[in-house]
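> Dropping the sequence and predicted coords here.
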Amino acid sequence: MIQQSLRSLAPRQDEVTLRPARRADADAIVRLVNGYAAEGIMLPRSLDSVVHALDDFVVAVDRRGKLLGCGALKEYSPSLAEVSSLAIVREAHGTGLGRRIVRQVETLALKRGITELFALTLTPAFFESAGYALADRAGYPEKIRHDCLRCPRRIRCDEICVSRLLAASPALEAAA
Ligand SMILES: CC(C)(COP(=O)(O)OP(=O)(O)OC[C@H]1O[C@@H](n2cnc3c(N)ncnc32)[C@H](O)[C@@H]1OP(=O)(O)O)[C@@H](O)C(=O)NCCC(=O)NCCS
């Protein structure tokens, strides 16, 4: 019921623009991501880390430029990256925006020659519906070394690993 009335506040998809992030988006990205981080749903991001990674971020904005969602590509090797910091404002949940941002992040990955993406997530069903498969996180030692070993939740981590080979997606290659 609450989700339904929130959704009635969501902008129509044809009023939403997806584009690379700019410096002016950084504060709103941090607020959005850290709001979910405070609920334990995502890892927090500092303003500095977002500003330094702006080229890796895709954002969705409404006609007034208000941030509706974001997602980022986090590179681990020339062929491997993570879909990270994916977040959609609550009033736009369930409107297809999360899927659209993931597709844009995939397009960015292909442009950089990356052929494999993974994510650690509490919502694996969302990624599965976008073509990702459950994966063993031990297959991503770069991630474990870089983030997991420093993460306060590493002992009781309940995130699930999913992955997708982009080379197997001709439609995406065409779009890149
Ligand atoms: C998870 C999240 C990014 C999904 O974005 P969204 O815009 O609501 O999702 P979409 O409308 O694009 O949904 C696409 C598909 O995923 C499914 N889906 C969306 N959220 C889901 C969830 N929480 N659980 C299971 N399936 C979900 C939808 O039903 C839809 O399936 P369909 O194509 O079969 O109809 C968004 O809910 C969010 O920002 N959540 C809080 C932060 C978070 O959890 N980030 C992910 C960290 S990895």
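Happy to help now that I have it.
> Point out the residues in the chain that sit beside the ligand.
Residues of the chain lying near the ligand by C-beta under 6 Å from any ligand atom: 36, 41-42, 86-88, 93-99, 119, 121-123, 125-126, 129. No exception for glycine: its C-beta is placed from N, CA and C like everyone else's.
> And those residues, which of them are buried?
Neighbour counting by 16 or more other C-beta atoms under 10 Å classes Tyr36, Met42, Leu86, Ala87, Ile88, Thr95, Leu97, Gly98, Ala119, Thr121, Phe126 among the residues of the chain next to the ligand as buried.
> In three-state terms, label the second one for me.
The three-state label given to Met42 by DSSP: H, G, I helix; E, B strand; the rest coil is coil.
> was I right about it contacting Val33?
Yes: look at Met42 against Val33 with C-beta atoms under 8 Å: they come within range, at 5.9 Å.
> Are there residues contacting both of those two? Which ones?
Overlap of the contact sets of Met42 and Val33 (by C-beta atoms under 8 Å, 6 or more residues apart in numbering) consists of Ser85, Ala87.
> Now do the contacts for the residue nearest to Arg22 when sequence neighbours are not counted.
Spatial nearest neighbour of Arg22, chain neighbours left out: Leu54 (7.0 Å); criterion: C-beta to C-beta, 6 or more residues apart in numbering. Leu54 sits next to Pro20, Ala21, Arg22, Arg23, Asp25, Ala26 when contact means C-beta under 8 Å, 6+ apart.
> Show me which pair in the buried ones among the residues of the chain next to the ligand is furthest apart.
Spatial extent of these (C-beta to C-beta) is set by the pair Thr95 and Ala119 at 20.1 Å.
> give me phi/psi at Arg103?
Dihedral pair for Arg103: phi -60, psi -40, per degrees, to the nearest 10.
> Please apply the same query to the one 4 residues further on.
Backbone geometry at Thr107, expressed as degrees, to the nearest 10, gives phi -60, psi -40.
> ok, how many other residues are close to it?
Neighbourhood size, Thr107 [other C-beta atoms under 10 Å]: 17.
> Identify the residue of the protein closest to the ligand, quick one.
Minimum separation of the chain from the ligand (C-beta to the nearest ligand atom) falls at Gly98, amounting to 2.2 Å.
> mind checking pLDDT for that residue?
Predicted confidence (pLDDT) for Gly98: 98.
> which residues are contacting the host helix or strand of it?
Secondary structure assignment for Gly98, by DSSP states H and E: helix 97-111. The contact list for helix 97-111 (C-beta under 8 Å, 6+ apart) reads 13, 16, 18, 56, 58, 60, 68-73, 81, 83, 86, 88, 115, 117, 126-127, 129-130, 164, 166, 169, 172-173, 175-176.
> on contacts alone, who are the packing partners of the very next helix or strand once past it?
Using DSSP H and E, the helix or strand that directly follows helix 97-111 along the chain is strand 116-121. Packed against strand 116-121, as judged by 3 or more C-beta pairs under 8 Å, 6 or more residues apart in numbering; DSSP states H and E, are the following elements: strand 80-88, helix 97-111, strand 160-165.
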